[in-house]
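In: fold the following.
(2 chains)
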Amino acid sequence: NAGVMQNPRHLVRRRGQEARLRCSPMKGHSHVYWYRQLPEEGLKFMVYLQKENIIDESGMPKERFSAEFPKEGPSILRIQQVVRGDSAAYFCASSRSTGNNEQFFGPGTRLTVL
Amino acid sequence: GESVGLHLPTLSVQEGDNSIINCAYSNSASDYFIWYKQESGKGPQFIIDIRSNMDKRQGQRVTVLLNKTVKHLSLQIAATQPGDSAVYFCAEIHMNSGYSTLTFGKGTMLLVSP
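Out: Numbering: from 1, shown residues only, chains lettered A, B, ... in the order given. Modelled structure (predicted):
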């Protein structure tokens, strides 16, 4: 019974490149959340998606960042034209429904921007 | 804005001691709190939760106490073991038109010496 899967686990990009982070929720989960964690900080909510819909993107920067959760396949967090300040750990969580408060977290993708 | 924060950034204890990790929150409207454990290189792992209409909840070796009067949350770990060494976060649940998002505190690192 696989948990939340994220790949890649580590990603290195140069300034100006694009970063694509993938998240496969737990089996049976249709709700996905993305969080960003800076060093020695707590996780900060970015975006909440259901299949094919963005429900809440209040925590996601308006420029360069986008997220999707297609009908088939993993959820994607895309960062265009990365800058050094984007270096962080990005965690994905999934839940079965909105009524279930427990979000299960993936291992994260550590993005380093050179 | 509303926030969740912790008093102590690092807590060092001896194996077998009891540990207490504290958290202050400011949003009196929160109705649900969760403690997470995050080991190095991993995603947050659910430990225990508590609803705002409760003062105390016990799990296996862990107890969460909620004091709504002073907006304070604590996690007590009995007979702390080296495997308990990790960063511990409290998280506040926000209900937004039928779905919930998490707001994390900054975290406390627990170091357990053999």
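
In: and the contacts of the strand or helix carrying residue A:32?
Out: In the assignment (DSSP states H and E), residue A:32 maps to strand A:31-37. The contact list for strand A:31-37, computed with C-beta atoms under 8 Å, 6 or more residues apart in numbering or on different chains, reads A:23, A:25, A:43-50, A:60, A:67, A:69, A:75, A:77, A:88-98, A:103, A:108, B:99, B:101-102, B:104. For glycine as for every other residue, the C-beta is placed from the backbone atoms N, C-alpha and C.

In: up against chain A, what does chain B have?
Out: By C-beta under 8 Å from any C-beta of the partner chain, the residues of chain B that approach chain A are B:4, B:32, B:34, B:36, B:41-46, B:49, B:89, B:91, B:93, B:96, B:98-107.

In: same for the longest strand out of those in chain B, what does it pack against?
Out: Criterion DSSP state E: the longest strand present in chain B is strand B:86-96. Using 3 or more C-beta pairs under 8 Å, 6 or more residues apart in numbering or on different chains; DSSP states H and E, the elements in contact with strand B:86-96 are strand B:4-5, strand B:19-25, strand B:32-38, strand B:72-77, strand B:99-104, strand B:108-113.

In: drop anything exposed from the residues of chain B next to chain A.
Out: Buried members of the residues of chain B next to chain A, scored by 16 or more other C-beta atoms under 10 Å in any protein chain shown, are B:4, B:32, B:34, B:36, B:43-44, B:49, B:89, B:91, B:93, B:99-107.

In: which SSE is residue B:40 in?
Out: Counting by DSSP H and E, residue B:40 is found in no helix or strand.

In: what are the phi and psi values for it?
Out: According to degrees, to the nearest 10, the main-chain angles of residue B:40 amount to phi -60, psi 130.

In: what sits closest to it if chain neighbours are left out?
Out: residue B:86 (7.6 Å; C-beta to C-beta, 6 or more residues apart in numbering or on different chains).

In: list the contacts for that neighbour?
Out: Residue B:86 makes contact with B:37-40, B:109-110, according to C-beta under 8 Å, 6+ apart.

In: and what of residue A:21?
Out: So residue A:21 contacts A:6, A:8, A:11, A:76-79, A:90, A:92, A:109, A:111 (C-beta under 8 Å, 6+ apart).

In: now the strand or helix carrying residue B:66 against strand B:86-96, angle please.
Out: Following DSSP H and E, one finds residue B:66 within strand B:62-67. On the basis of axes from the mean of the first three to the mean of the last three C-alpha atoms, to 10 degrees, strand B:62-67 is oriented at 50 degrees to strand B:86-96.

In: what's strand B:62-67 packed up against?
Out: strand B:32-38, strand B:45-51, strand B:56-58, strand B:72-77.

In: partner strands of the last one, with direction?
Out: Partner strands and pairing direction for strand B:72-77 (DSSP bridges) are strand B:19-25 (antiparallel), strand B:62-67 (antiparallel).

In: repeat that for the shortest one.
Out: Its sheet considered, strand B:56-58 pairs with strand B:62-67 (antiparallel) by DSSP bridges.

In: contacts for the strand it pairs with, please.
Out: Strand B:62-67 is contacted by residues B:33, B:35, B:47-50, B:52, B:54-58, B:72-78 when judged by C-beta under 8 Å, 6+ apart.

In: just the buried subset of these, please.
Out: For those, buried by 16+ other C-beta under 10 Å: B:33, B:35, B:47-50, B:73-77.

In: about what we covered before: in JSON lines, list the helices and strands packed on strand B:86-96 along with mean pLDDT.
Out: Below are these laid out as JSON lines (pLDDT from 0 to 100):
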{"stretch": "strand B:4-5", "mean pLDDT": "52"}
{"stretch": "strand B:19-25", "mean pLDDT": "93"}
{"stretch": "strand B:32-38", "mean pLDDT": "93"}
{"stretch": "strand B:72-77", "mean pLDDT": "96"}
{"stretch": "strand B:99-104", "mean pLDDT": "82"}
{"stretch": "strand B:108-113", "mean pLDDT": "94"}
